[in-house]
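> requesting a structural model of the entry that follows:
(one chain, ligands or ions: 1)
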Amino acid sequence: MEQLAAPTDCSAKKPSGWIDISRSIYSGMAYWPDNPPVRVEPVQCLADGDICNVSKLTLGSHTGTHVDGLNHFIKGGVGVDQMPLEATIGPARLIEITHPEYIPLDQVEPHNLQAGERILFKTQNSTREYPGDRFIEDFIYLSTEAAQYLAERQVRTIGVDYLSVGGYEKNVVEVHKILLGQGIWVIEGLDLAAAQPGGYELICLPLKLKHGDGGLARAVVRSL
Ligand SMILES: Nc1ccccc1C(=O)C[C@H](N)C(=O)O
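As a prediction, the model looks like this:
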């Protein structure tokens, strides 16, 4: 009697295809130098006989993976609670940048970015072994001319893979003012190590902080 193969177990867990591009939040993690340090402290503890576990969070609004409110650098700009959901939900393009120091215009222009696009920039920030608990000053950042180009192209949203879109003690203020001033939404602190260049469905939702200058976010992508 021919041995028939067992029927495929259709209930076997198929990978959902979603890739988590967020960074975990934990006490002592790296944060922007003049922002509050990150503390996650138990205030109720099952192991101590409390009825449940509850934690107290002390951290800045620009911790880990987060979305900048337009009001982060722009007086009168809207906060993350007023962000149109389409800014961080929908098709997105992941572009890999190989320059070891910053995102140069000549690595952005060839992609012919269109108005309304959501763009994620994967740099060596995602592939270098950065210490999680120490701020790195020489992270790869968006050049001012690339920021100006993105503003001219009227992209909708950009995502970067370190704590700031602009360079530390370089062009951080200028780049934020160029992008946020043009209503471009900025996702910072992404971890793009597991994602490759291409087209994705992006879901990234910042906490609904009233008039928030920043909103901690969980971000995921799925290949289109
Ligand atoms: N406090 C600052 C002071 C000067 C320049 C930037 C900041 C920031 O907080 C930048 C923030 N990490 C961001 O990239 O959105």
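> any idea what R222 is bridged to?
W18, E201 (DSSP bridges).
> I'd say it and G17 touch.
Yes - at 4.7 Å, R222 and G17 qualify as touching, with contact defined as CB atoms under 8 Å. C-beta: built from backbone N, CA, C; applies to glycine.
> give the residues shared as contacts by the two.
Shared contacts of R222 and G17, defined by CB atoms under 8 Å, 6 or more residues apart in numbering, are absent.
> tell me the SS of the nearest residue to G214 once chain neighbours are set aside?
Residue nearest to G214 in three dimensions, not counting chain neighbours: S61, with 3.6 Å by CB to CB, 6 or more residues apart in numbering. Judged by DSSP: H, G, I helix; E, B strand; the rest coil, the three-state class of S61 is coil.
> residue contacts, S61?
Here S61 is in contact with L209, G212, D213, G214, G215, L216 (criterion: CB under 8 Å, 6+ apart).
> can you find the helix or strand in this protein with the smallest mean pLDDT?
helix 124-127 (a mean of 94; mean pLDDT, DSSP states H and E).
> what comes up buried for that helix?
Residues of helix 124-127 classed as buried: Q124, N125, S126 (neighbour count, 16 or more other CB atoms under 10 Å).
> also stretch 169-176?
Buried, per 16+ other CB under 10 Å, within stretch 169-176: K170, N171, V172, V175, H176.
> repeat for stretch 145-165
Neighbour counts over stretch 145-165 (16+ other CB under 10 Å) mark 145-151, 153, 155-165 as buried.
> among these, which lie within strands?
Among the buried residues of stretch 145-165, DSSP state E puts T157, I158, G159 in strands.
> and of those residues, the nearest to I21?
G159 (7.9 Å; CB to CB).
> and that closest one, what does it touch?
Counting by CB under 8 Å, 6+ apart, G159 has contacts 21, 92, 118-121, 186-188, 190, 192, 202, 204, 219.
> make it 7 Å
L120, F121, I187, L190 (CB atoms under 7 Å, 6 or more residues apart in numbering).
> and the pLDDT for the residue nearest to G214?
Per-residue pLDDT puts S61 at 98.
> show me where this structure has helices.
124-127, 144-152, 172-181 (DSSP state H).
> tell me the contacts of the residue sitting nearest the centre point of the chain?
Nearest residue to the geometric centre of the chain (CA atoms, centre = their mean): L190, 3.4 Å. Contact analysis of L190 by CB under 7 Å, 6+ apart lists I21, T65, L120, G159, V160, D161, A219.
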